[in-house]
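Participant: have a look at this prediction, sequence included:
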Amino acid sequence: MIARRLRAGLGVLVGLTLLLTGCSAGTATPTAPAAPSRTAASAVPAPSGRATATPVSDLPTVRESELPPEARRTLALIRAGGPFPYAKDGSVFSNFERILPPRKRGHYREYTVRTPGERDRGARRIVTGGDGERYYTDDHYESFREVVVGDEAR
């Protein structure tokens, strides 16, 4: 229990250090961290002020209201800017699988979606993009669905 808390505290400290220095884990190249939206709106605003209410990729979509309750809670935490329950939440998602639209390193961030009954982080994630897009995977990056608001799902 104490060791877990120490690891979690260390993870937060490392994350804050990387955030403050502008570096991502494993690199010495500064990257601009994607600041999560702090609005209570149902869509994550993009830097341009546009919300991802309609799909921006060719991936299958899912309405936010149809996501599991744990995924909706994770999206609410993202909108609020945290605090996040897992030290790796908010880390850069590198898109090695190349399923999401290609973007520069640092564009995507990943967040854990709690899986009831799992002792570790499980397979479910929300991945957000710097333009306000959001993706959900329940099979640890094997597939993604773009999260949309309202009736725009296909």
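Facilitator: Thanks, I have the structure now. Numbering: from 1, shown residues only.

Participant: when you work out contacts or count neighbours from here on, use the C-alpha atoms and nothing else.
Facilitator: Will do.

Participant: just the element for Arg73, please.
Facilitator: If you go by DSSP states H and E, Arg73 is part of helix 69-80.

Participant: next SSE downstream of the lowest-mean-pLDDT helix or strand in the chain?
Facilitator: The weakest-scoring helix or strand in the chain, judged by mean pLDDT, DSSP states H and E, is helix 2-21 (a mean of 44). Sequence-wise, the next helix or strand downstream of helix 2-21 (DSSP H and E) is strand 61-63.

Participant: pLDDT of that next one, averaged?
Facilitator: What strand 61-63 shows for mean pLDDT is 96.

Participant: would you map out the domains in this protein?
Facilitator: 1-33, 34-148 (automatic domain parsing).

Participant: mean pLDDT lowest for which of these?
Facilitator: domain 1-33 (a mean of 43).

Participant: phi, psi for Ser91 please.
Facilitator: Ser91 has phi and psi values of phi -80, psi 160 when expressed as degrees, to the nearest 10.

Participant: beta partners for it?
Facilitator: For Ser91, the beta-bridge partners under DSSP bridges are Glu110.

Participant: was I right about it contacting His107?
Facilitator: No. Assessed by Cα atoms under 8 Å, Ser91 is found out of contact with His107, at 10.6 Å.

Participant: still on that earlier bit, and the helix holding Arg73, what does it pack onto?
Facilitator: strand 125-129 (3 or more Cα pairs under 8 Å, 6 or more residues apart in numbering; DSSP states H and E).

Participant: I'd like the next helix or strand past the strand it packs on.
Facilitator: Later in the chain than strand 125-129, the nearest helix or strand by DSSP H and E is strand 134-137.

Participant: pairing partners for the helix or strand following that following strand, with directions?
Facilitator: The C-terminal neighbour of strand 134-137 among helices and strands, as given by DSSP H and E, is strand 145-148. Using DSSP bridges, the strands paired with strand 145-148 are strand 61-63 (parallel), strand 134-137 (antiparallel).
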